[in-house]
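# Okay, predicted coordinates and the sequence, questions at the end:
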Amino acid sequence: MSTNQQIQKTILDVISVDSPEDLNWSEGYLKRLSSATTTLYNASLNKVVLKPSEEVARCHICAFMACQKLQEKSMPELQFFMDNIPIEPKKVTHLLNVFKQQLYQMSPIKGIQWSPSPKKRRNQKVSPIKNNDRFTATDPKELREQLFGTPTKRGTGTTSTDDKNVIPTTTPLFATDLTDEPPEESPKTPRRKLAFEEDDSDEDTVLTNNKSRQTRSKRARIAKDDKGTKVKGTESIFGGKNINTKTAVSNDKDSDETDEEYHSAQDTTENISQESDFNDADITDESLNNLKISGVPKSKTSDKEPKPRRKYDYTPSDPHNYLTKRYAKINIKEVLDLANEFELPKDVTLNVLDSFLINTSYLLCPWQFACGLVMNCVYIVFHERRVKDPRIDHLIIAKMVHRMRCSGPEDVIECMKLVKEALTGEKWFRDLQMKNNYFDGKVYEEVIISKLGSMLQQKNILVTDEQYEVWKRRIEQDLSMRHT
């Protein structure tokens, strides 16, 4: 079937026509529908990507959109339906919105012409500028003066009458005219460091990283201060002007301090040196607290002790345990081998494989689901042997524990409980229970007896007439409510 025949058949599926054999596709609205559907179909191949199950409806959706456009433009009486589109109605509505968004809004299709467009005039000028006007309303000379703040070049020795209108220059002529602070209107940007500032910063980093100079004793620094070098004063933990015992080093750039600051720093340094004669590396919080200075409160943070870290008991799971492997990729062969090891029948194995493939895409631990599937089916298929020999349950669980490499039978039993909740409503699982006459450890007759009432149980064979009448009335009422 050619593409043209396929489009015609698709249009006939969308619109309602009494006799499709007598239609003329070379003229009228059918020709317009065919042309519009072809254009939409070709454009959608590049714009819209569909799933393989939705690809069969691409041509139908294009025909439906063409009918909608034709009805809006020129044929309000046109009738079309989406009943024959070969996908679900919910998906049809969703795909229509996707096609309209991709084909109409993002890239308008030029091939569809529902009404003739007006012809362009040949005498129309290409350029919108008329009479040699400018794009901008400002003269280029004035614009240059406003932007750069300097007048245009003029000949030497000539004067002009327009000097009064010239905007004054905003750029200063000399470096001394520069202000220390930037203007208020300009955005604040970080100032670039000068050459000597970069050298000072490098010296500071070298001094702070030098351990030999950091561990120098206070007496050596005081002796060096007497020679004419300054000690940088910082705020101490005691509240006054004090030398920092950790980072105070000699620095030549502090030579412009006053004599009073120098003597005060030297006095405080001597007081501290008289209390203790040890290096900076031996200073601790206890030694600083022992220094008694009147009128200064103690620091609050020094009394607090760090809290011990909480220890968590963490036992990593066994990496070889199949039941704890997350997002493990299980092949079909592995599931079949697991079912064959426990001698499941062929039809049960196929149902197990089908159920596993349906649910494996969103499972955290796929081996838990496979283990629970096989164990629940094994319990149902071999329940008669299990009743005769109780040792079979132990052998089955031990075999599964060895196969899954787990720590104990508790993990396998937990998997069985979790998977059984998911399989309770499955049709194949219910049919398997009825076929093998097994319902949670009971046969079918015992389940029916427990549901109908106590009159059919062996414990209450001898009853009075009143009890029988009450039971009979309840059963009849229950049956009547079920049939209504």
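Sure thing, it's come through.

# When you work out contacts or count neighbours from here on, use the C-alpha atoms and nothing else.
Fine.

# And the strands in the protein?
233-235, 241-243 (DSSP state E).

# domain ranges for the chain?
3-106, 209-300, 322-447, 454-483 (automatic domain parsing).

# which one of these has the lowest average pLDDT?
Across the domains of the chain, domain 209-300 has the smallest mean pLDDT, namely a mean of 47.

# residues in contact with the residue nearest to L418 when sequence neighbours are not counted?
Counting by C-alpha to C-alpha, 6 or more residues apart in numbering, G372 is the residue found nearest to L418 once chain neighbours are left out, at 7.4 Å. Going by C-alpha atoms under 8 Å, 6 or more residues apart in numbering, G372 touches 412, 415-420.

# Tell me the buried residues within those.
The neighbour-count criterion (16 or more other C-alpha atoms under 10 Å) marks 412, 415-416, 419-420 among the contacts of G372 as buried.

# Next one: the residue nearest to L418 from I392, what distance?
17 Å (C-alpha to C-alpha, to the nearest Å).

# Repeat that for N359.
Taking C-alpha to C-alpha, one finds N359 at 30 Å from I392.

# again with K325
To I392, K325 is 28 Å away according to C-alpha to C-alpha.

# likewise E55?
Relative to I392, E55 is positioned 53 Å away (C-alpha to C-alpha).

# Of those two, which one has the most company?
I392 (16 against 13; other C-alpha atoms under 10 Å).

# Spit out the contact partners of that one.
Contacts of I392 by C-alpha under 8 Å, 6+ apart are 385-386.

# same thing but 6 Å
R386 (C-alpha atoms under 6 Å, 6 or more residues apart in numbering).

# for the one 10 residues further on, same thing?
H402 makes contact with no residue under the criterion C-alpha under 6 Å, 6+ apart.

# now the one 3 residues further on
Counting by C-alpha under 6 Å, 6+ apart, R405 touches N321.

# Tell me, how many residues neighbour L70?
Count around L70 with other C-alpha under 10 Å applied: 19.

# ok, it to Y29 distance?
Counting by C-alpha to C-alpha, the gap from L70 to Y29 is 8 Å.

# ok, now R430?
R430 sits 57 Å away from Y29, going by C-alpha to C-alpha.

# One more: M82?
Distance from M82 to Y29, by C-alpha to C-alpha: 19 Å.

# hang on, the earlier thing: can you tell me which of the contacts of G372 comes closest to H94?
V419 (35.1 Å; C-alpha to C-alpha).

# ok, that closest one - contacts?
The contact partners of V419, taken as C-alpha under 6 Å, 6+ apart, are G372.

# In this structure L364 contacts Y327, no?
Yes. If you go by C-alpha atoms under 6 Å, L364 and Y327 touch, sitting 5.5 Å apart.

# contacting residues around T360?
Counting by C-alpha under 6 Å, 6+ apart, T360 has no contacts.

# burial measure for E54, as a count.
Counted with other C-alpha under 10 Å, E54 comes out at 15.

# swap that for V92, sorry
V92: 20 surrounding residues under other C-alpha under 10 Å.

# now swap in R474 and tell me
The burial count for R474: 14, using other C-alpha under 10 Å.

# List the residues that contact it.
The contact partners of R474, by C-alpha under 6 Å, 6+ apart, come to none.

# And it, how far from K91?
Applying C-alpha to C-alpha to R474 and K91 gives a distance of 49 Å.

# Check V374 too.
37 Å.

# which one of those two has more residues nearby?
Taking neighbours as other C-alpha under 10 Å, V374 and K91 compare with V374 leading, 24 against 12.

# Please report how far the more buried one lies from H402.
14 Å.

# Please determine how far the closest residue to N24 other than its chain neighbours is located from F99.
Residue nearest to N24 in three dimensions, not counting chain neighbours: L30, with 7.4 Å by C-alpha to C-alpha, 6+ apart. When distance is defined by C-alpha to C-alpha, L30 is 22 Å away from F99.

# Which of the two has more residues huddled nearby?
Neighbour count, other C-alpha under 10 Å: between L30 and F99, F99 has more, with 20 against 17.

# Setting aside sequence neighbours, what's the nearest residue to that one?
Leaving aside its sequence neighbours, F99 sits nearest to V48 (C-alpha to C-alpha, 6+ apart; 6.9 Å).

# Give the burial count for that neighbour, as a bare number.
With other C-alpha under 10 Å as criterion, V48 counts 15.

# do K333 as well
10.

# A66 now?
Neighbourhood size, A66 [other C-alpha under 10 Å]: 23.

# Let me see the contact set for it.
Contacts of A66 (C-alpha under 6 Å, 6+ apart): 36-37.

# any idea how far Y29 lies from L78?
Counting by C-alpha to C-alpha, the gap from Y29 to L78 is 10 Å.
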